[in-house]
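Enquirer: curious how this folds, go ahead:
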Amino acid sequence: MADVKKVLDAVINVVRTVAQQEIMPRYLQVDRRIKADGSYFTEADLAVQAVLLEELQKIYPGAAMGEEMPELEQREQWAMGGSGLWSVDPIDGTSNFLNGLPYFAISVALMQQGKSILGVVYNPISNEMFYAEKGGGAYLNGILLPINKHVPLLSSAMANVDLKRLDRKLAERIAGNPPFSSQRNYGACTLEWCYTAAGYFDLYLHGGQKPWDYAAGSLILEEAGGYMCGLGQDDYWAGSPWRRSVIAARDPVLFTQWRDWVRAHA
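Expert: You can find the predicted model right below:
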């Protein structure tokens, strides 16, 4: 790609505009629907996805995959997207969006050969625009990440853990006797990655994500100097892209301690 920075700037502008025009007018104004997997979606998800995919193709033509596509179409787009694939989550945290909780985001990533080269995550309620390009650092509204550079001990760390997607033994151990001080889970994977990159969370753990959950956020964490692996492998990118677990932290020492504790109790 000739100029990733120009593409990134264009994506940021599109994401901000789509949020203002398609998401916020529908905030607390739409009915919920239920997908086959039991998760919610709304007309806002569908509208945002349609506009985003159309506008992104104008910026960089290629394959494009959105969370609200049928699974067969998603896999077809993934297979065709080696040289360029847009991965889009139109509203990550739809349940929060429906219930008025101000923790949801648009997520857009451009991937090549299965890995992201740029990523944008935007929460329109807080006006937090996280973004990164491969090799160019990660930012929040123009501020280089991480913002919070304090590194606690593991015992005093703040963790973001999605308990319901972990195996029962590990989830019960974390709930009953965690190695950290405090735990949160707000229900939007894309922002969880970004808040770890910013240093708001010290630790991150999730049992299984789809490409639109991790594509942008994993790059933002990586470009902020963070570390990540899977529950069962040191190479985060190994294994199936359709259910990718993550153990992550921004600090290398904290990451090693957290990874070793999780794997010892999984």
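Enquirer: first to last residue in stretch 235-253, what's the distance?
Expert: One end of stretch 235-253 sits 17 Å from the other (C-alpha to C-alpha, to the nearest Å).
Enquirer: and the average pLDDT for it is what?
Expert: The average pLDDT within stretch 235-253 is 96.
Enquirer: so where do the strands sit in this protein?
Expert: Remark: strands assigned in the chain by DSSP state E are 33-34, 40-41, 63-66, 85-92, 105-112, 115-123, 128-133, 138-140, 143-144, 158-161, 182-184, 203-209, 227-229, 244-249.
Enquirer: residue contacts, residue 97?
Expert: Under the criterion of C-beta atoms under 8 Å, 6 or more residues apart in numbering, the contact list for residue 97 reads 23, 27, 42, 44, 91, 104. Backbone N, C-alpha and C define where each C-beta goes, glycine included.
Enquirer: related to what we said a few turns ago, could I get the strands of the chain in CSV, plus columns for distance to residue 77 and mean neighbour count?
Expert: Formatted as CSV, the entries for these read as follows, by distance: least, C-beta to C-beta, whole Å; neighbours: other C-beta atoms under 10 Å:
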stretch, distance to residue 77, mean neighbour count
strand 33-34, 23, 11
strand 40-41, 18, 18
strand 63-66, 4, 22
strand 85-92, 7, 27
strand 105-112, 11, 28
strand 115-123, 15, 25
strand 128-133, 22, 24
strand 138-140, 26, 22
strand 143-144, 33, 10
strand 158-161, 29, 22
strand 182-184, 33, 13
strand 203-209, 17, 23
strand 227-229, 24, 21
strand 244-249, 17, 24
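Enquirer: TSV please, covering those and showing distance to residue 5.
Expert: Output for those, formatted as TSV (distance: least, C-beta to C-beta, whole Å):
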stretch	distance to residue 5
strand 33-34	38
strand 40-41	33
strand 63-66	21
strand 85-92	17
strand 105-112	12
strand 115-123	9
strand 128-133	6
strand 138-140	12
strand 143-144	15
strand 158-161	30
strand 182-184	33
strand 203-209	27
strand 227-229	24
strand 244-249	26
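Enquirer: per-residue confidence at residue 37?
Expert: On pLDDT, residue 37 comes in at 66.
Enquirer: now do the helices in this structure.
Expert: 4-18, 43-59, 71-80, 94-99, 168-176, 189-198, 211-223, 252-265 (DSSP state H).
Enquirer: least confident of these, on average?
Expert: Least confidently modelled of those is helix 94-99, at a mean of 91 by mean pLDDT.
Enquirer: mind checking how far residue 24 is from residue 105?
Expert: The spacing between residue 24 and residue 105, counted by C-beta to C-beta, to the nearest Å, is 13 Å.
Enquirer: swap in residue 65?
Expert: Here the criterion is C-beta to C-beta. By it, residue 65 lies 17 Å from residue 105.
Enquirer: next: residue 168.
Expert: Here residue 168 is placed at a distance of 29 Å from residue 105 (C-beta to C-beta).
Enquirer: same check, this time on residue 238
Expert: Looking at residue 238 against residue 105, where the rule is C-beta to C-beta, the gap reads 27 Å.
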